[in-house]
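Undergrad: Curious how this folds, go ahead:
(2 chains)
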Amino acid sequence: MVAREDVIELAKRRGFFFGANGAYGGVAGFYTYGPNGAAVKDNLESAWRDRFTVRQGNMEIEAPTIMPEAVFEASGHLDGFDDMLVECPECGESHRADHLVEDDTDIEEAESIPIPEVEELIREHDLRCPACEAPLSDEPVEEFNLMFETSIGPGTGQTGYMRPETAQGIFVEFPRLKEYARNRLPFGVTQIGPAYRNEISPRKGIIRVREFTQAELETFIDPEADEPPLHEVADVEVRLYPATEQAADDGEAYTTTVGEAVEEGVVGSAWVGYYLGVAQEWYERIGVDTDRFRFRQHLPGELAHYAADCWDAESQVGAAGTAAGSSDGGEPRDEGDWIEITGFAYRSDYDLSKHAEGSGESFTVFKQYDEPETVERATVDPDMATLGPEFGGDAGAVADALRTLAERDPDAFDAGEVEVEVDGETHAVDAEVANFSVEEVTENGEHVTPHVVEPSFGVDRIVYTVIDHAYRTDEVDGEERTYLALDPEMAATDAAVFPLVSNDERLLDLADDVTADLRAAGLSVEYDDSGSIGRRYRRQDEVGTPFCVTVDRDGIEGDGPHTVTVRERDSARQVRVPVADVGAEIAALLDPEDDRAFEALAASYGEIETGVRTG
RNA sequence: GCGCCGUUGGUCCAGUGGUAGGACAUUAGCUUCCCAAGCUAAUAGCCCGGGUUCGAUUCCCGGACGGCGCACCA
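TA: Residues are numbered from 1 along each chain as shown, chains lettered A, B, ... in the order given. Predicted structure coming up:
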């Protein structure tokens, strides 16, 4: 059984993660990663960085976690949050108070009305719960703000917010980042770091928290020109659960390839399809069980304010029963919970356009044409020496209006006098003064607002998934054991070193040497001489350490070079390896690029017949 | 935020109006040449606040935290 409580119990007991600030009673939604969890999370982030930053040729940045209010005004996060909710005293259902007011009165834009007045309006109009008709007159209207607010600087200072996603830190720096990309599309910027959402009700341990880690990639593309290298992942098999299947009574997820899904339009954006393929392979690499994994398309009503199309990677966790191949695999597996672990969104130019508007800065890339284009353009060069005295403070606005008019309606300047409107007032300007002319202009290119394709990974939920999917129980020599079949790349500890018995100085000394050697080789090593050898193996099995090195007398009493045994976690098989080689051999076993298996090690050094069986 | 249920060593549990017991784990020692063995000993706990009471871990109220359901999840 891999019930969630089993995973959480193991996580607490073995230092993966636990509720933070327990000494003070704790606060919901905040977790501390213990030594093993922090190491797994770090490994996961490294694997992500390797795949989505380094191998994709992207740039990684690190932006502040607190940003000023204006950023979130522009991004739309501020509006999206300030929902006024009123809860029905009878049925407990929450409703948007501003919407209720709008529905039953002539008022529009009730969102901008202060809360006390909204409460007053509810009383005046005797508004009732849409679900059960109970009166809402005496119910408080509450504001839900999912962003953590803080103040920057002393006194009243400036309002700031903890970022609700790392993405905004990338978007707001676009004008500079595009310089680092040498003004060429497409390019990608990544960021791994914490994000904050003041969740109303944090739940399910580490799955729904208020401070969490995101790993996001923002790909900036020219929507007209840039195509993803889809061929790289066209044959990757993915399990898709499109909106149409979710809506159908007998709909279900099905397996196809990325190439076909894009070809058939099931995945609307080739870029999104491309990242589904890249991500699929990455999930497999880090040990997500593909039988408990799918890509689910957002239903139309589910789409975020910025998203044109969106797919979630979902994993199934908390499912009872163990993975295929284990001893008790015959039992039917209970349904677990499907949790979102990554969102793949085509954000179009929403974010960059919004920040351009909000900041007044340019969030575009200049795209040079292959050949310069010559076009005729109507322009004006108003004589300000005349306009100034004539229109006073409005002169600048009049000049702007003339420029706009020249672009829109050049023919207007054929007459001797043109009329422009400024602040509802019509002004007449002599065509001469406007200095109208049609010029030949050479266009070398155009300013393009890039579109954004965003895979956004929830690191904590992936850590949880990796642990949940690695959780196994079996029997070793007739004794039950619990272990984590973590991919070696994810495991907190690379190897453990044990002297077989602790009453022989020679074994203790050699074990110390081997430990030092392995650590010098860059491995994360645990040394343990406490208790029986079996107990020590189980300790390491339970946290997922892939290899145990045991120093025994047989290894030091022969004629040849000293040897030690190397034990593989899942099978408990052992190979005797010379001390001089053990560091390099284990490093090779751990290297994700080196597909040398334990099998190969057994072939080259000879397996020890231990009589120990797992299963 | 609402409703129901819960909270006892590190973990999982038992129990009591007179401040607690087990299992596992941990530590030290003995033993031990390969898979949670054994022996000895040690460390360690009643979520917080208020009330009732001579006395509360136990009963009552409130809070925090956790689980489930509702709502929320841009």
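Undergrad: Around A:G251, count how many other residues there are.
TA: 13 (other C-beta atoms under 10 Å). The way it works is simple: take the backbone N, C-alpha and C, and place the C-beta from them, glycine included.
Undergrad: how about it, what does it touch?
TA: A:T244, A:E245 (C-beta atoms under 8 Å, 6 or more residues apart in numbering).
Undergrad: pLDDT wise, what is it at?
TA: What the model reports for A:G251 is a pLDDT of 86.
Undergrad: where's it relative to A:G268, distance?
TA: Using C-beta to C-beta, to the nearest Å, A:G251 is found at 18 Å from A:G268.
Undergrad: Likewise for A:P389?
TA: According to C-beta to C-beta, A:P389 stands 58 Å off from A:G268.
Undergrad: Who has more neighbours out of those two?
TA: A:G268 (15 against 9).
Undergrad: what pLDDT, on average, does stretch A:265-285 get?
TA: The average pLDDT for stretch A:265-285 rounds to 95.
Undergrad: May I see the buried residues of it?
TA: For stretch A:265-285, a neighbour-count test (16 or more other C-beta atoms under 10 Å) marks A:266-267, A:269-280, A:282-283 as buried.
Undergrad: How about stretch A:245-253?
TA: When neighbours are counted by 16+ other C-beta under 10 Å, the buried residues of stretch A:245-253 are found to be A:E245, A:A253.
Undergrad: can you dump the C-alpha coordinates of that stretch into PDB?
TA: In PDB, the C-alpha atoms belonging to stretch A:245-253 read as follows (Å, rounded to 0.1, in the frame of the first residue of the first chain):
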ATOM      1  CA  GLU A 245     -12.400  13.100 -23.900                       C
ATOM      2  CA  GLN A 246     -13.000  14.700 -20.500                       C
ATOM      3  CA  ALA A 247     -16.400  16.000 -21.600                       C
ATOM      4  CA  ALA A 248     -17.500  12.700 -23.100                       C
ATOM      5  CA  ASP A 249     -19.300  10.200 -20.900                       C
ATOM      6  CA  ASP A 250     -17.000   7.300 -21.900                       C
ATOM      7  CA  GLY A 251     -14.000   9.500 -22.600                       C
ATOM      8  CA  GLU A 252     -10.600   8.400 -21.400                       C
ATOM      9  CA  ALA A 253      -6.900   9.100 -21.900                       C
END
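Undergrad: Tell me if that stretch is near RNA strand B.
TA: No - judged by C-beta under 7 Å from any atom of the strand, stretch A:245-253 stays clear of RNA strand B, getting no closer than 14.3 Å.
Undergrad: what's near enough to touch the residue of chain A found nearest RNA strand B?
TA: Across chain A, the shortest distance to RNA strand B (C-beta to the nearest atom of the strand) belongs to A:R553, at 1.7 Å. By C-beta under 8 Å, 6+ apart, the residues touching A:R553 are A:L500, A:D504, A:R506, A:L507.
Undergrad: Please apply the same query to A:L523.
TA: Contacts of A:L523 by C-beta under 8 Å, 6+ apart are A:D494, A:A495, A:G583, A:I586, A:A587, A:L590.
Undergrad: Let me know the closest of the residues you listed to A:L230.
TA: Nearest to A:L230 among the contacts of A:L523 is A:L590, at 32.1 Å by C-beta to C-beta.
Undergrad: what about the closest one, how many residues close to it?
TA: 20.
Undergrad: So it sits against A:M490, correct?
TA: No - in terms of C-beta atoms under 8 Å, A:L590 does not count as a neighbour of A:M490; the distance is 10.7 Å.
Undergrad: Near RNA strand B, which residues of the stretch 451-600 of chain A are found?
TA: Neighbours of RNA strand B within the stretch 451-600 of chain A, by C-beta under 7 Å from any atom of the strand: A:476-477, A:479-482, A:500-504, A:530-535, A:537-539, A:542, A:550, A:552-555, A:557, A:565, A:567, A:572, A:574.
Undergrad: So which of these sit within helices?
TA: Among those, the members falling in helices (DSSP state H) are A:I533, A:G534, A:R535, A:Y537, A:R538, A:R539, A:E542, A:D554, A:G555, A:E557.
Undergrad: any idea how chain A splits into domains?
TA: Taking automatic domain parsing as the reference, chain A has its domains at A:4-72+A:150-352, A:83-144, A:370-448, A:493-608.
Undergrad: mean pLDDT for those domains: which is lowest?
TA: domain A:83-144 has the lowest average pLDDT among the domains of chain A, namely a mean of 68.
Undergrad: From the ones in helices among the residues of the stretch 451-600 of chain A next to RNA strand B, keep the buried residues only.
TA: Neighbour-count burial (16+ other C-beta under 10 Å) is assigned, among these, to A:I533, A:Y537, A:R538, A:R539, A:E542, A:G555.
Undergrad: Identify the farthest-apart pair in the residues you listed.
TA: Pairwise distances across these peak at 25.9 Å for A:E542 and A:G555 (criterion: C-beta to C-beta).
Undergrad: Would you map the strands across the stretch 401-550 of chain A?
TA: For the stretch 401-550 of chain A, applying DSSP state E, counting those that start in this stretch gives strands covering A:417-422, A:425-430, A:437-448, A:451-458, A:471-476, A:479-484, A:495-499, A:525-527, A:547-551.
Undergrad: among those, which is the most enclosed?
TA: strand A:495-499 (a mean of 27; mean count of other C-beta atoms under 10 Å).
Undergrad: Which strands border that strand, and is each parallel or antiparallel?
TA: strand A:525-527 (parallel), strand A:547-551 (parallel) (DSSP bridges).
Undergrad: which strand is the longest one in chain A?
TA: The single longest strand within chain A, with elements called by DSSP state E, is strand A:365-379.
Undergrad: Which strands and helices lie in contact with that strand?
TA: Judged by 3 or more C-beta pairs under 8 Å, 6 or more residues apart in numbering; DSSP states H and E, the packing partners of strand A:365-379 are helix A:395-408, strand A:437-448.
Undergrad: tell me the angle of the shortest one relative to helix A:395-408?
TA: Okay, so that is strand A:437-448. On the basis of axes from the mean of the first three to the mean of the last three C-alpha atoms, to 10 degrees, strand A:437-448 is oriented at 90 degrees to helix A:395-408.
Undergrad: Measure how strand A:437-448 sits relative to strand A:365-379, angle-wise.
TA: For strand A:437-448 against strand A:365-379, the angle between stretch directions is 160 degrees (the same axes, to 10 degrees).
Undergrad: what's near enough to touch the most centrally placed residue in chain A?
TA: In chain A, the centroid-proximal residue (C-alpha atoms, centre = their mean) is A:F457; its distance is 2.2 Å. By C-beta under 8 Å, 6+ apart, the contact list for A:F457 reads A:W48, A:Q214, A:A215, A:E216, A:I341, A:T342.
Undergrad: and the last one, what element?
TA: To tie it back to what came earlier, the one meant is A:T342. Counting by DSSP states H and E, the element that carries A:T342 is strand A:337-348.
Undergrad: ditto for the third one
TA: Using DSSP H and E, A:A215 falls within strand A:211-221.
Undergrad: May I have that strand as PDB, with CA atoms only?
TA: C-alpha atoms of strand A:211-221 as PDB (Å, rounded to 0.1, in the frame of the first residue of the first chain):
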ATOM      1  CA  GLU A 211       5.400  28.700  -0.300                       C
ATOM      2  CA  PHE A 212       6.600  26.400  -3.100                       C
ATOM      3  CA  THR A 213       9.300  26.100  -5.700                       C
ATOM      4  CA  GLN A 214       8.700  26.500  -9.400                       C
ATOM      5  CA  ALA A 215      11.000  25.700 -12.300                       C
ATOM      6  CA  GLU A 216       9.800  27.800 -15.200                       C
ATOM      7  CA  LEU A 217      10.900  28.200 -18.800                       C
ATOM      8  CA  GLU A 218       9.700  31.100 -20.800                       C
ATOM      9  CA  THR A 219      10.300  30.600 -24.500                       C
ATOM     10  CA  PHE A 220      10.100  33.800 -26.500                       C
ATOM     11  CA  ILE A 221       9.200  33.100 -30.100                       C
END
